[in-house]
Structures are given as C-alpha cells and as structure tokens.
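S.K.: please find the sequence and the predicted model below.
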Amino acid sequence: MNDPTLANDAASQSAASDMRWIGIDVGGANIKAADTSGWTSAEPFALWKHPERLADQLRQQLPAPTATTRYALTMTGELADCFADRPQGVRQIVDAVAEATQTEASAGVDPLRVYSLDGQWLRADEAKSNPDDVAAANWHATASYAERYLGANETGLMIDIGSTTTDLITIDSNGVQTRSRTDFDRLLLSELLYLGVGRTPLCGLTSSLPFRGRDIPVMAEFFATTDDCFLVLGRTAAMPEDCDSADGKPRTVEHSVKRIARMIGLDHRSFNLDDAVAASEHIEAILKARVAAGIAKVASDASAWVIAGHGEWLLPKTVARQISLAQELGAERSRVGPAYALACLAEARFA
C-alpha cells in the first residue's frame, strides 16, 4: 500500500535538493553574487548615487530566476548616505532584491531569505521589521562559513581584505566568537578596519608621501586611491575598459601615475613611474602595519587564519596555520566571499 505521507516527504526532499541558492551581497559600492556550483558575479554599483536603480542593476547581474531558484541576501549598503537611516536602507534594499528576483511568497514557498547577525534566516517582511538584525551582516556569514576549516580545538581568525574594508573576526569550531553586532562595535574593537586594496583614498591613510628624498604633505582631495598604488606595483591587473577610478579615467598604470601625482600637486611632466612606485610602496607599508596591528589586537594567539578577499599580500608573517580561500575555492569565489558563504549556508540550512 502506498503511503501518501512518505511520498510527500520524498517529493519535498527531492525539491529541496534541486534548489539553486544564489547568495547576494549588496554593498554601497559593489554588488557580489554567487551560487555553490561555480557561478560568481562582482560588479561596481554606486548605490549612494543611484539607489533607485538597484533593482535594474540586479536584474542585469543575476541569472534569470526559475521555479527552483532561491535567494540568500546580506548587505552593507544600508549605511549609504542616500538613506536617512539604516532601517530605511534595509527596507529599500530588501524591496529592490525582491523586485529584481520576482520573489513573492506563494503556496507556502518564500524564495528570499535574509541573513541575520545571529545566523538565522528571516523572511523579507521580518527583515524589514527588524532592520538592526540584518544590517551589515555579511562579515558574520563569511565567518560562519570559515569555521568549517578549523580543527576541533583550534582558535581561528577570519580575515577578509576587500576593496574598501578589512574584517578580523575570531572564530572556533563552535562558530563566530565576537560579541560585536554593529559596525560601530567592530570599529571600536579593531574587528573592522576601514581600509582596503581598492577604494581607500590615499589622503585617508597618510599626511605625506615620499618624493625624491623629501616627505611632501598630501592634498586632502579624492585624487587617488589604493587601487592606483597596487596597479603601479603590479599587485592588481590593469583594466583599460574599467573607469571606476578617482578621476573617472581608465584603470591603467599610466593613469594611476597621473592620479598619484596630483596628491602632491604635480602632474606627469614632473612625476614619473619611479616616483609613483616609491609613493605606492609607502602606502603599502602603511596598510601592512595597520592590518598587523589589528590582528595583534583582535587575536594574536589564533592558531589558524582563514583568509578571504583579494588583499592577501598585505598580511604579516605568522606561525598560525593559514587557509587561503582563494586557494581552497578559487580567486573568484574568494573575491565574492560573503555571497558564496551565504549560498553554502542557505543550501545546508534548507536542504
């Protein structure tokens, strides 16, 4: 005799296994997305300038939804100054994602879940009603994923160096160990360093740059960023078609030299590649020192580091065991770490 209950359970389990979870990380300057099968996407998007275009950007960036597509969302863009406060930012971001992915709960199925700071998954309406529980939660998702690489008795540190910020989060085999919940909390404890390898303005890192044996005060202007330094030093690849730079000109070494020259009131006539290299090495040394100081303050005794992002070369030497997600997962997945972590966590939770 056929048991309809068993048949329904089997159908439900089969449907869950067929789900394609796509993690979405909406930041103030970049949108990252990934599934668990190798698809990734990272695109610049100036949310603070064009919040009304977020849904359109997501529609262009994400695969077309199907009946088996599910979405896991996290964000940091709610703090963008286009929003009056974080609750407004959370509501607009959640609504834009729901619009872009055509996710409307029906027949008991809710295709969109939002990751919270306690590791829970909220429906869209719950997230909008509890904005402080989901605001700036992407670091928590990455750290929760990272703990799988630790041994039973290991203390770990999740390090994620991105284009704008660096996360330093203590973890162990039981999960995320910090008590911090907000960016304010993490700034206070050096768990969040507001520096990265792409968007950090040089005038926010130093008051002077070396130039032919002298230290020259820098102009407090958005003339150049760390991206220019690492293009000059060959740490990152030039992309002539990409004009997401301080002056809107191409991301090439030639243009980066010009941008760095402006920091000390010069131009290409009196500032050459060697000068740019010297200035860039100075900036790199500052970043390395600040990252090392943050690690020493947060978890100097960690026995393992789980490293995400795309600024691994800034890390100090250590006796800790190092697990590079770029090596474990590939550079593209590591670059979109929070989005990939979300997809994996959601797939495991709702399997």
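M.R.: Yep, that arrived.
S.K.: average pLDDT for the top helix by length along the chain?
M.R.: The longest helix of the chain (DSSP state H) is helix 273-299. Mean per-residue pLDDT for helix 273-299: 97.
S.K.: now do that helix: which elements does it pack against?
M.R.: strand 155-161, strand 166-172, strand 192-193, strand 208-211, helix 226-232, helix 253-262 (3 or more C-beta pairs under 8 Å, 6 or more residues apart in numbering; DSSP states H and E). For the C-beta atoms, the positions are set from N, CA and C on the backbone; glycine is no exception.
S.K.: show me what A34 bridges to in the sheet.
M.R.: With DSSP bridges as the criterion, the beta-bridge partners of A34 are G23, T40.
S.K.: what sits against it?
M.R.: Residues near A34 by C-beta atoms under 8 Å, 6 or more residues apart in numbering: I22, G23, T40, S41, R333, V336, A339, Y340, L342, A343.
S.K.: wait, W313 sits on R235?
M.R.: Yes. The pair W313 / R235 is scored as a contact, 6.2 Å apart, by C-beta atoms under 8 Å.
S.K.: so which of those two has more stuff around it?
M.R.: R235 (17 against 13; other C-beta atoms under 10 Å).
S.K.: the more buried one: what secondary structure?
M.R.: Here R235 is coil, with the state taken from DSSP: H, G, I helix; E, B strand; the rest coil.
S.K.: how about the contacts made by it?
M.R.: R235 touches V197, W313, counting by C-beta under 8 Å, 6+ apart.
S.K.: quick revisit: of all the contacts of A34, which comes closest to D125?
M.R.: Nearest to D125, judged by C-beta to C-beta, of the contacts of A34 is L342 at 19.3 Å.
S.K.: need the nearest residue in space to the closest one, chain neighbours excluded.
M.R.: For L342, ignoring the flanking residues on the chain, the nearest one in space by C-beta to C-beta, 6 or more residues apart in numbering is G23 at 3.1 Å.
S.K.: tell me if I'm right that that neighbour and A343 touch.
M.R.: Yes. The criterion here is C-beta under 8 Å, and G23 meets it with A343 at 3.8 Å.
S.K.: related to what we said a few turns ago, after the longest helix of the chain comes which helix or strand?
M.R.: strand 304-309 (DSSP states H and E).
S.K.: so what strands line up beside that following strand?
M.R.: Applying DSSP bridges, strand 304-309 is found paired with strand 155-161 (parallel), strand 321-324 (parallel).
S.K.: what's the angle from that strand to helix 273-299?
M.R.: Strand 304-309 and helix 273-299 meet at an angle of 140 degrees, taking axes from the mean of the first three to the mean of the last three C-alpha atoms, to 10 degrees as the criterion.
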